[in-house]
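Q: Predicted structure and sequence below. I'll ask about it afterward.
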Amino acid sequence: MPFSHHSHSGQFCGHAENTLEEVVQTAVSKRMDLYALTEHMPREEEDLYPEEIKLLFTAATLAKQFDDYFHEAQRLQRVYASSIELLVGMEIDWIRPSSLDVIQGLLEKYPFDLFIGSVHHVHGIPIDYDKKMYLEARETSGGTDEKLAENYFDLQYEMLQALKPPIVGHFDLIRLLSDDPEASFVQWPGVWQKILRNLDFIVDYGGLVELNSAGLRKGMSEPYPKAEICKEFFSRGGAFTLSDDSHGIRQVGTNYRTCLSFVEKTGLNSISFLRKGAATKDSRFPGIATKVVSLKELKEHPSLLYL
């Protein structure tokens, strides 16, 4: 049963394309059984992206846009219920300690099915938006990719401790704009220990780490996270799910088959996913259960012909 737990649309995200309904229709046309809608949470004024500033957005504008997103997602959930199971959630941005109040407020206001815990900023500077901003964050960290990675995984650990996200987004996003995105983290003992610490914490509270295929479409040889991280997480009893992190219809289901091949080579034999069910694990999301499907079943599913 093909599925994805991470997506965006141009209707509610300035660096994406197409309407939310067009994204859903594309997922249906590709015979996906389950698709999560997870637009970015509204951010504070100081964290607006360049395209948002150009459009004269404010924090209030983002908050209104997010409210519109949630109600549209619920509408689509009803309209397409016979064709696909849609989960409605958000991708959080952990930027600084005050992010916690914003996120908790959103979790109290909206009856989400899930949320993705992500870090896109270090020292309040985006690390995946463009090279210029990445270099600014790196310089603030001390001038090396190693030091920036240490800061990134420490910030991620703060987010994990504060929120225990059901799904951890693009775990090693920090490598995207580094000098060598293919380099092993093991070369930096301090960074590697922080990675293992974070993985152990995720295992302890029962979170899922997404295998995010966006890393592949952005030119890397492996999805997020790298195989070396996947093997450590799996050996510790960790569970993975699948995400395309689509930013428009062209990316729905992109590299799904490649991701399954990566899973097989990494030694994983099953993948987890969230769906509506009776056995709720996280009391914040009543009615949402964690299910497991074998890699064999995923690889033999007839819907793969459409992906």
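A: Good, I have the coordinates.

Q: for residue 116, helix, strand, or coil?
A: Secondary structure state of residue 116, per DSSP: H, G, I helix; E, B strand; the rest coil, is strand.

Q: Please enumerate the strands of the stretch 151-300 of the chain.
A: 167-168, 208-212, 239-243, 270-276, 288-294 (DSSP state E, counting those that start in this stretch).

Q: Just name the most buried of these.
A: With neighbours taken as mean count of other CB atoms under 10 Å, these reach their highest mean count in strand 167-168, at a mean of 28. In short, each C-beta sits where N, CA and C put it, glycine included.

Q: what about residue 286, neighbour count?
A: 10 (other CB atoms under 10 Å).

Q: Give me the distance between it and residue 104.
A: 17 Å (CB to CB, to the nearest Å).

Q: for residue 97, same thing?
A: Per CB to CB, residue 97 is found 12 Å from residue 104.

Q: Look at the two and report which has more neighbours.
A: For residue 97 versus residue 104, neighbours defined as other CB under 10 Å are more numerous around residue 104 (12 against 9).

Q: so where does the more buried one fall, helix or strand?
A: helix 99-109 (DSSP states H and E).

Q: Just the buried positions in that helix, please.
A: Residues 99, 102, 103, 106, 107 are the ones in helix 99-109 that count as buried (16 or more other CB atoms under 10 Å).

Q: Find the centremost residue of the chain, please.
A: residue 169 (3.1 Å; CA atoms, centre = their mean).

Q: Skip the chain neighbours and tell me the closest residue to that residue.
A: Distances taken as CB to CB, 6 or more residues apart in numbering put residue 118 closest to residue 169, at 3.6 Å, once the chain neighbours are dropped.

Q: ok, now which ones touch the one you found?
A: Neighbouring residues of residue 118 by CB atoms under 8 Å, 6 or more residues apart in numbering: 91, 92, 93, 94, 168, 169, 170, 173.

Q: Neighbour-wise, give me the winner out of those residues.
A: residue 168 (29 neighbours).

Q: how close does it sit to residue 195?
A: 12 Å.

Q: May I have the phi/psi pair for the spatially closest residue to residue 107 that is not a sequence neighbour?
A: What sits nearest to residue 107 in space, not counting adjacent residues and going by CB to CB, 6+ apart, is residue 284, at 6.6 Å. For residue 284, the backbone dihedrals are phi -70, psi -20 (criterion: degrees, to the nearest 10).

Q: burial measure for residue 284, as a count.
A: Neighbours of residue 284 (other CB under 10 Å): 15.

Q: Touching, it and residue 108? I think so.
A: No: with contact defined as CB atoms under 8 Å, residue 284 does not count as touching residue 108 (9.9 Å).

Q: what's the single longest helix in this protein?
A: In the chain, taking DSSP state H as the definition, the longest helix is helix 59-79.

Q: where's the residue nearest to residue 249 when sequence neighbours are not counted, which helix or strand?
A: Among residues not flanking residue 249 along the chain, residue 26 sits closest, at 4.3 Å (CB to CB, 6+ apart). Counting by DSSP H and E, the element that carries residue 26 is helix 20-29.

Q: Past that helix, which element shows up next along the chain?
A: Moving toward the C-terminus from helix 20-29, the next element (DSSP H and E) is strand 34-40.

Q: So which residues of the stretch 101-250 of the chain form helices?
A: 131-141, 145-163, 189-205, 214-217, 227-235 (DSSP state H, counting those that start in this stretch).

Q: and the angle for the longest one with strand 114-118?
A: Right, the one you point to is helix 145-163. 150 degrees (axes from the mean of the first three to the mean of the last three CA atoms, to 10 degrees).

Q: how distant is stretch 207-220 from the center of its chain?
A: With CA atoms, centre = their mean, to the nearest Å as the basis, stretch 207-220 stands 8 Å off its chain's centre.
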